[in-house]
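K.L.:
Compute the structure for the input listed below.
(2 chains)
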Amino acid sequence: MSVFLSSPFMHNIFAGLAQGIIYSLVALSLVIIWQSTHVLNFAQGAMAMIATYIGMTEIDRGIGYWWCVIISVLVGMALGGVTERVLIRPLYGKPEINPIVVMVGFLGFLEALAAAIWTSTTRNITEPFSQIYFKSNGHLVFLSSFIIFQIVLAMGIMLSVAALFRFTKLGLQLRASALAPEVSRLLGVRVSRMLTIGWILSAGVGAIAAVIIASGNFGLFPTDMDGIFVASFIAAAVGGLESPLGAVAGGLIIGLAEQFILAYWSPDVAPLGGIIILVVALMIRPQGLFTKNTIRRV
Amino acid sequence: MIRVEGLSVNYGAVRALRSVSFEAPSGQITAVVGANGAGKTTLLRTISGLVSPQSGTIHLDEVSLLGLATEKIARLGVGHVPEGRGVIEELTVEQNLRLGALSSKVNLAEGLEEQYARFPVLGDRQRKYCATLSGGERQMLAMARALIAKPQVLLLDEPSLGLAPQVTAQLMKAIRQLCETQDLTVILVEQNAKSALRIAHQALVLHLGSVVASGDAATVAADEDLRRYYLGVAVS
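P.N.:
Here you go, the predicted structure:
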């Protein structure tokens, strides 16, 4: 068993899972914002990056890892709320392309801002759990405490998001506000408040993903989240933009696919893996692998 | 009771409502009838706060509704079933009903039970997505969703639209029963003037945004000129 767990195959499985978890978390943040506002936030990754950089600045002043996580998430949530109020709210009722264009512009602004304040260098946080792989009978098992922490965290967030939308009054109001804002207002739902809450929750989950990236071996760079956003967007589309389980599954599928292509083919081709999976998934189930197909009476 | 005085609404250069005044008493159905473009839907949307008037006042009992947000008006007890029903297709029947109950302090379980008793087909289909419902079922759901919050006022916009005559007759009967048993103030907007006037207590005839006639529904229904020129009902 320990020989199998230390095999190159299992190494690729665990490495793919670790990368996939990051995609899953960002995809979850996209699912939240889609479910609660029906807007795709193209600056999601950059907002998470800024929040994490601010958290890391506080680490420089001597705070611990968990305080950095809390600060990053709170800053991310505040940034999400302010962005919705200032940039997105004036665009409701306008053509759907408008928020996309504004958020792409905001993405460029945030990356330039981060580079101007913190310079274009990679920054790390010292992780709270060991990155050193476990050993079994003298063999390396390519699984560390930090990877286990990532997996448990992602599963916890996925279950929380699923429970929020399925079982709570807030989740029902968030979904209704996105699906039918005018009808929701007629039913007494404070739609503008729900839209802000959707952005706040989504940005908070995105910030958690960025903190994990910054805690890894490679650290965080101002434009790091661009590629991660693309892979996560593909993950959310593959899993289904309305399914938290789909976001996590999609993230893991993309992470594993990239890792195996990287290991057995070429690192240059790895990003193509996600695109191929997306095309195949959309051909089989255009609504996403985990979104329910509703028969519609016409 | 809803009291509207001197209500005027413009859409740019188009005058949708011109100094409309009327009272809709509790426990009565006020039918608002007229041809397409008469301003019937605009009247309901203005009462609900979806459209801002240029002038005039709207009162729910003694509370002014003018300038209040739509959600606040809903929470004050004004239920609005919009044209096209407005059921959320991506949610189940029960989720739609739960949404309706959120704005009030009603006991959810009791509210659901009451609505399923009133519309048994909804009970049978409570876990079904609304996209799978027929037109009649959607109308029942839209009504149940508005009623679960126990509103004081019910605004119904074209409830018979797209329904078979038999279903329309059942629906109108149900509206009359509701009004009488719940002491509801109902404002019923209908193109099907004949059906609406049959169950209404009083009526308001709109033409190009102005009130051209109002009064007892039976009297309006019996006026041949009104029927011929404004209601599109054949005069026998």
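K.L.:
just checking, what packs against the host helix or strand of A:Gln150?
P.N.:
Per DSSP states H and E, A:Gln150 falls inside helix A:145-167. The contact analysis (3 or more CB pairs under 8 Å, 6 or more residues apart in numbering or on different chains; DSSP states H and E) places helix A:145-167 against helix A:8-37, helix A:169-179, helix A:191-215, helix A:244-264. In short, each C-beta sits where N, CA and C put it, glycine included.
K.L.:
Off-centre distance for the first one?
P.N.:
Put plainly, it is helix A:8-37. 7 Å (CA atoms, centre = their mean, to the nearest Å).
K.L.:
Next one: it, is it in contact with chain B?
P.N.:
No: using CB under 8 Å from any CB of the partner chain, helix A:8-37 stays clear of chain B, coming no nearer than 10.1 Å.
K.L.:
That helix to helix A:191-215, inter-axis angle?
P.N.:
Relative orientation of helix A:8-37 versus helix A:191-215 (axes from the mean of the first three to the mean of the last three CA atoms, to 10 degrees): 160 degrees.
K.L.:
buried sites along the helix or strand that helix A:8-37 is followed by?
P.N.:
Next along the chain after helix A:8-37, taking DSSP H and E as the criterion, comes helix A:44-60. Applying a neighbour-count criterion of 16 or more other CB atoms under 10 Å in any protein chain shown, one finds A:44-56, A:58-59 buried in helix A:44-60.
K.L.:
Backbone dihedrals for the residue nearest to A:Met49 when sequence neighbours are not counted, please?
P.N.:
Spatial nearest neighbour of A:Met49, excluding adjacent residues (CB to CB, 6 or more residues apart in numbering or on different chains): A:Met225 at 4.8 Å. Main-chain dihedrals, A:Met225, degrees, to the nearest 10: phi -80, psi -10.
K.L.:
for chain B, longest helix please?
P.N.:
Secondary structure of chain B per DSSP state H: the longest helix is helix B:165-182.
K.L.:
Can I get the helices and strands packed on helix A:145-167 in a markdown table including mean neighbour count and mean pLDDT?
P.N.:
Formatted as a markdown table, the helices and strands packed on helix A:145-167 follow (neighbours: other CB atoms under 10 Å in any protein chain shown; pLDDT from 0 to 100):
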| stretch | mean neighbour count | mean pLDDT |
| --- | --- | --- |
| helix A:8-37 | 24 | 89 |
| helix A:169-179 | 21 | 92 |
| helix A:191-215 | 25 | 92 |
| helix A:244-264 | 23 | 91 |
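K.L.:
and whichever residue of chain B sits closest to chain A, helix, strand or coil?
P.N.:
For chain B, the residue closest to chain A is B:Ser103, as judged by CB to the nearest CB, at 2.4 Å. Secondary structure state of B:Ser103, per DSSP: H, G, I helix; E, B strand; the rest coil, is coil.
K.L.:
now do the one 3 residues further on
P.N.:
At B:Val106, secondary structure determined by three-state DSSP is coil.
K.L.:
Now for the residue nearest to it when sequence neighbours are not counted, how many residues are close by?
P.N.:
Among residues not flanking B:Val106 along the chain, B:Lys150 sits closest, at 5.6 Å (CB to CB, 6+ apart). Here the number of neighbours of B:Lys150 (other CB atoms under 10 Å in any protein chain shown) works out to 16.
K.L.:
And for B:Gly86?
P.N.:
Neighbours of B:Gly86 (other CB under 10 Å): 21.
K.L.:
Close to chain B: what parts of the stretch 101-250 of chain A are there?
P.N.:
A:169, A:172-173, A:175-176, A:179-180, A:182-191.
K.L.:
Got the phi and psi for A:Trp265?
P.N.:
The phi/psi pair for A:Trp265 (degrees, to the nearest 10) is phi -130, psi -90.
K.L.:
count of neighbours near it?
P.N.:
Neighbour count for A:Trp265, taken as other CB under 10 Å: 12.
K.L.:
quick one: low-confidence ranges for the chain?
P.N.:
In the absence of a named chain, chain A is used. Scanning chain A for pLDDT under 70 picks out A:1-2, A:293-298.
K.L.:
let's do chain B instead
P.N.:
In chain B (pLDDT under 70), the answer is B:230-236.
K.L.:
got a list of what the most centrally placed residue in it touches?
P.N.:
Nearest residue to the geometric centre of chain B (CA atoms, centre = their mean): B:Leu156, 1.4 Å. Shown in contact with B:Leu156 (CB atoms under 8 Å, 6 or more residues apart in numbering or on different chains): B:Val81, B:Met143, B:Ile175, B:Val186, B:Ile187, B:Leu188, B:Val189.
K.L.:
Looking at those residues, which are in helices?
P.N.:
Going by DSSP H, the helices hold B:Met143, B:Ile175 from the contacts of B:Leu156.
K.L.:
Quick check: strands, which of the contacts of B:Leu156 are part of them?
P.N.:
B:Val81, B:Val186, B:Ile187, B:Leu188, B:Val189 (DSSP state E).
K.L.:
What's the local residue count around the first one?
P.N.:
B:Val81 is surrounded by 27 other residues when neighbours are defined as other CB under 10 Å.
K.L.:
what sits against it?
P.N.:
B:Val81 sits next to B:Ala142, B:Met143, B:Arg145, B:Ala146, B:Leu154, B:Leu155, B:Leu156, B:Asp157, B:Pro159 when contact means CB under 8 Å, 6+ apart.
K.L.:
Pretty sure the third one sits against B:Asn96.
P.N.:
Spelled out, it's B:Arg145. Yes: counting by CB atoms under 8 Å, B:Arg145 touches B:Asn96, with 5.4 Å between them.
K.L.:
Quickly list what's touching both of those two.
P.N.:
In contact with both B:Arg145 and B:Asn96: B:Val87, using CB under 8 Å, 6+ apart.
K.L.:
Please point out which parts of stretch A:126-133 sit buried.
P.N.:
A:Glu127, A:Tyr133.
K.L.:
scratch that, stretch B:99-112 is what I was asking about
P.N.:
Under the neighbour-count rule (16+ other CB under 10 Å), stretch B:99-112 has B:Leu99, B:Gly100, B:Ala101, B:Leu102, B:Ser103, B:Ser104, B:Val106, B:Gly111, B:Leu112 buried.
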